[in-house]
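3D, please:
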Amino acid sequence: MSKIGFLTDSSADIPQDLAEKYGIELVGFPINVDGTEYIERKDFTNDQFYQIMRDAQGVPTTAAITQLQWCEIYERYVDEGYTDLVHLSINSNGSSTYNNALKAVEMLEEERPGHKLKIQVLDSHTYSMVFGWHLCECARKVRNGGELATCVEEMMYNLDCAEVCLAAYSLKQMKKSGRVSAAAAVVGDLLGIRPIISLNEGVSKVEAKVRGDAAVPPAMVKWVASRVDDVRDMPYIVGYTSSKTKRDELVKLCKKTFGHAPLTTFQLGAAVSANTGPDAIAIAFKGKPRHLEAYTPQLP
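Numbers count the residues shown, from 1 in each chain. You can find the predicted model right below:
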């Protein structure tokens with residue numbers, strides 16, 4: 001009889017209640033701030049981390065989850081009698097965590113020769129609840145009797161359609177991560193310039209620049225609407241960091257423009273907000289598939 005596990009890292013930003021509901025294990029990323037190392041989801045809440053960023057002298061940095069860590073986790077799944085493990089990882093272009101997981105699968109063969117655990121290590125090509133949501137949906141469908149291969153294929157199709165529109169109200173972290181240049185960050189903060197950034201397949205691009213906080217949500221909604229044929233049929237979720245007010249403003253405008261509410265709202269956790277900063281909002285939505293030839297015609 002099948003025993004199926006679901007595994008990811010803390011950058012998925014899945015709320016703990018959903019992770020527990022669908023049996024998803026989340027492994028915390030190491031975060032270093034001014035020489036002190038923390039583990040996400042263990043040493044602070046999201047709101048506490050935003051304040052840590054504001055108080056820090058430097059910019060937080062993240063470290064990859066190692067091959068040894070993943071191998072030890074895989075060993076536990078083997079020892080507990082699991083037959084299948086779906087491991088959905090942070091974007092491979094932004095972290096070596098994915099490649100470390102692949103190497104850990106090879107290490108497992110040495111540590112547990114002849115084991116029967118079938119491990120699927122999958123690259124989400126994105127960040128945060130953008131992939132966390134789809135992993136929850138996959139796990140939910142499997143737990144409700146869905147066929148594993150079909151549910152995983154549908155998840156990967158939806159991730160292939162996933163697009164993100166992001167805006168940061170402070171550019172300190174964006175400068176560090178290379179998403180905006182140092183000169184642009186300085187000028188932007190001085191003049192109140194806010195970049196509207198797309199994130200597709202792990203690649204970020206500045207799509208527009210607006211002046212002043214009030215101009216940010218309309219610019220984001222306008223760009224999202226330009227990416228789909230009909231916003232009324234577009235599933236989307238809204239992300240935020242420290243400001244519930246900014247979140248609510250964005251949700252209100254989205255509902256007015258798109259004609260329906262987001263599937264959920266979510267906070268950006270430490271692994272992601274270490275790059276966006278403590279003042280950011282985002283819209284993640286379903287666009288068009290980038291690699292349609294990889295999928296069967298039966299999928300939506």
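
for stretch 250-259, the distance to its chain's centre please.
Relative to the centre of its chain, stretch 250-259 is centred 22 Å away, using Cα atoms, centre = their mean, to the nearest Å.

just the buried residues of it, please?
By 16 or more other Cβ atoms under 10 Å, the buried positions in stretch 250-259 come out as 250-251, 254, 258. Every residue, glycine included, has its C-beta placed from N, CA and C.

same question for stretch 18-35.
Buried residues in stretch 18-35, defined by neighbour count with 16+ other Cβ under 10 Å: 18-19, 22, 24, 26-31, 33.

which outside residues touch the helix or strand where residue 8 lies?
Following DSSP states H and E, one finds residue 8 within strand 4-9. With contact meaning Cβ atoms under 8 Å, 6 or more residues apart in numbering, strand 4-9 is reached by 14, 22-29, 65, 73, 77, 82-90, 97, 131-132, 135, 138-139, 142, 148, 271.

just the residues you listed: which are in helices?
Using DSSP state H, the subset of the contacts of strand 4-9 located in helices is 22, 73, 77, 97, 131-132, 135, 138-139, 142, 148, 271.

can you pick out the most distant pair from those?
Based on Cβ to Cβ, the longest span within the ones in helices among the contacts of strand 4-9 runs between 148 and 271 and measures 27.2 Å.

looking at the two, which is more packed in?
residue 271 (28 against 17; other Cβ atoms under 10 Å).

how far does the helix or strand that residue 106 is a member of sit from its chain's centre?
If you go by DSSP H and E, residue 106 is part of helix 97-111. Offset of helix 97-111 from its chain centre (Cα atoms, centre = their mean): 22 Å.

now the strand holding residue 8 against helix 97-111, angle please.
Between strand 4-9 and helix 97-111, the angle formed by their directions is 130 degrees, by axes from the mean of the first three to the mean of the last three Cα atoms, to 10 degrees.

need the CA coordinates for stretch 142-151. CSV is fine.
The C-alpha trace of stretch 142-151 is given here as CSV (Å, rounded to 0.1, in the frame of the first residue of the first chain):
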residue,chain,number,x,y,z
VAL,A,142,-3.7,13.0,-3.4
ARG,A,143,-4.9,12.8,0.2
ASN,A,144,-8.5,12.8,-1.2
GLY,A,145,-7.7,9.8,-3.5
GLY,A,146,-6.2,11.5,-6.5
GLU,A,147,-3.6,9.5,-8.6
LEU,A,148,-0.1,10.7,-7.7
ALA,A,149,1.3,11.0,-11.2
THR,A,150,-1.7,13.0,-12.4
CYS,A,151,-1.7,15.3,-9.5
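
list the buried residues for that stretch?
By neighbour count with 16+ other Cβ under 10 Å, stretch 142-151 contains the buried residues 142, 146, 148, 151.

circling back to that earlier point, name the nearest of the buried residues of stretch 250-259 relative to residue 170.
For the buried residues of stretch 250-259, the residue nearest residue 170 by Cβ to Cβ is residue 250; the value is 16.7 Å.
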